[in-house]
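Enquirer: Show me how the following folds:
(one chain, ligands or ions: 1)
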Amino acid sequence: MDRRQFIRTSGAAVLGSAAVSTAALAALPELATQKSPDTQPPLVPQDGRPYRPVTTLNGWTLPWRTRDGWKEFHLVAEPVVREIAPGMTANLWGYNGQSPGPTIECVEGDRIRVFVTNRLPEHTSIHWHGILLPNGMDGVSGLTQPSIKPGKTVVYEFEMRKSGTFMYHPHADEMVQMAMGMMGAIVVHPKDPAFMPVDRDYIFLVNAYDIEPGSYTPKVNTMLDFNLWTWNSRAFPGIDHMVAGIGEKVRIRMGNLTMTNHPMHIHGTEMFVTCTDGGWVRESARWPEVTVDVPVGAMRSVECTFTDPGDWSFHCHKSHHTMGPMGHQVPTMIGVSQSGLWQRIRKLVPDYMVMGDNGMAEMGEMQMDLPENTLPMMTGEGPFGGIEMGGMFTVVKVRDGLARDVRKVPEWYTHPPGTVAYEWTGEPVAEERRDGAVADAATLSVRRGGHGSGH
Ligand SMILES: [Cu+2]
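Expert: Model (predicted):
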């Protein structure tokens, strides 16, 4: 009698009681999916210990059902189509219709059971990054469990022993599966609701893709030369803004699953790292920062309080990470007169693109024909003109007397009269001196090259 016949004759329940827990044999939790890239309202817990839920930037939280004292979740690993920003979609891999997958939220002490169904063309597994659990639940395929084969469902069961900010991702063909967008966030709220409460609580994962202009699928072998720098697989201006009231305590939880570090910079306030994926940071060990580095494979939770209303920038401080896709071979043309050169070259090479004589800002204004499904390098219109950003950039809209349930502020900040940088209209600035008294190495070398004064 082979194994299949044995199951057929003796009944799955008999074999099941020995091989897997009986709960796993019951019906799977309902499969929840989300196709919209918009930030979904926080999921208020319908049972269990109460907590104030997080807001997943351009994402959502996975609903659960409670059975016999366990919170049951159902993750489905599958190919998804993600809008990176209006004008560009990508063929990614993710969970439950999205990349990243939904945020899993629960409470310290909860026992959770996660059903993971694999609808990918290859095997996978899920590692629960930062969570203390039995070794056999750690999700390292080959080491702590067999990989989850396509079409199969595997059950993970463990207790959330500590609160904090964590993430999940495959530990099987990792380079490919993470380059394709497979990851998600986990928030474990403290048992005691009085422990470090905040007024606003945001979470997102930092990720990066290498998608050739004009194509849809990431190149999975790229190690460093990524061209799309995203938060929750969204690039500016596709990243939703955050909101904060004056005096509110705002927590922003960030996890980094890219191949490089991201120094996250905030305007208009200072922030403290209060939690990492290793746990909460005690007060005496914190110091103020306006830029917090999020290392590779790490999570950083920061807390800040704004004192001034306005539209405050929040972005990665690596300037290449606040740009859309670009060719790395674009030569620097600053100071080189090209008078009409690109127009002439484009008659021969229609897609020819060159950096402007005066910097790259004009590229934001030039309406270049981009290949299909390609985002511009720099974009975004603000109340005063082009914002000239892309990638990892968004705005925190800080307002006085903002109601707790307001999650969007559609309009730009109205500055009180006399509080905006203004143009000097008095005495004109004296002409630049041209007597050669100040000459730097660059102008000297231009002179030696026979270009006269260099002007
Ligand atoms: Cu960065």
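Enquirer: residue boundaries of the strands in the stretch 101-250 of the chain?
Expert: Remark: strands assigned in the stretch 101-250 of the chain by DSSP state E, counting those that start in this stretch are 104-107, 111-118, 127-129, 153-159, 164-169, 184-189, 200-209, 228-231, 242-245, 250-256.
Enquirer: Next, count neighbours for residue 254.
Expert: Using other CB atoms under 10 Å, residue 254 has 23 other residues around it. Every C-beta, even on glycine, is put in place using the N, C-alpha and C of the backbone.
Enquirer: I'd like the distance between it and the ion.
Expert: 11 Å (CB to the ion, to the nearest Å).
Enquirer: Now do the contacts for that residue.
Expert: Contacts were defined as CB atoms under 8 Å, 6 or more residues apart in numbering; by that measure residue 254 touches 203, 204, 205, 206, 262, 264, 294, 299, 300, 301, 302.
Enquirer: Who does the first one form a beta bridge with?
Expert: Right, the one you point to is residue 203. residue 56, residue 253 (DSSP bridges).
Enquirer: what's around it, how many residues?
Expert: For residue 203, using other CB under 10 Å, the count is 25.
Enquirer: and the gap between it and residue 275?
Expert: To residue 275, residue 203 is 11 Å away according to CB to CB, to the nearest Å.
Enquirer: The closest residue to residue 288 other than its chain neighbours - how many residues pack around it?
Expert: Among residues not flanking residue 288 along the chain, residue 270 sits closest, at 4.3 Å (CB to CB, 6 or more residues apart in numbering). Residue 270 sits with 12 neighbouring residues when counted by other CB under 10 Å.
Enquirer: what does residue 49 give?
Expert: 15.
Enquirer: And for residue 222?
Expert: Neighbours of residue 222 (other CB under 10 Å): 16.
Enquirer: Spit out the contact partners of residue 80.
Expert: 92, 93, 94, 97, 98, 99, 181.
Enquirer: just residue 389 next, same as before
Expert: By CB under 8 Å, 6+ apart, the neighbours of residue 389 are 236, 237, 315, 322, 323, 378, 379, 380.
Enquirer: end to end, how far does stretch 246-253 reach?
Expert: This stretch, stretch 246-253, spans 20 Å end to end (CA to CA, to the nearest Å).
Enquirer: Which residue comes closest to the residue positioned nearest the centre of the chain once chain neighbours are left out?
Expert: A centroid search over the chain (CA atoms, centre = their mean) returns residue 231, at 1.8 Å, as the residue closest to the centre. Spatial nearest neighbour of residue 231, excluding adjacent residues (CB to CB, 6+ apart): residue 204 at 4.6 Å.
Enquirer: what residues does the protein put near the ion?
Expert: Contact residues, the chain versus the ion (CB under 5 Å from the ion): 262, 316, 318, 321.
Enquirer: Give the burial count for the closest residue in space to the second one that isn't next to it in sequence, as a bare number.
Expert: Right, the one you point to is residue 316. Residue nearest to residue 316 in three dimensions, not counting chain neighbours: residue 392, with 3.9 Å by CB to CB, 6+ apart. Using other CB under 10 Å, residue 392 has 30 other residues around it.
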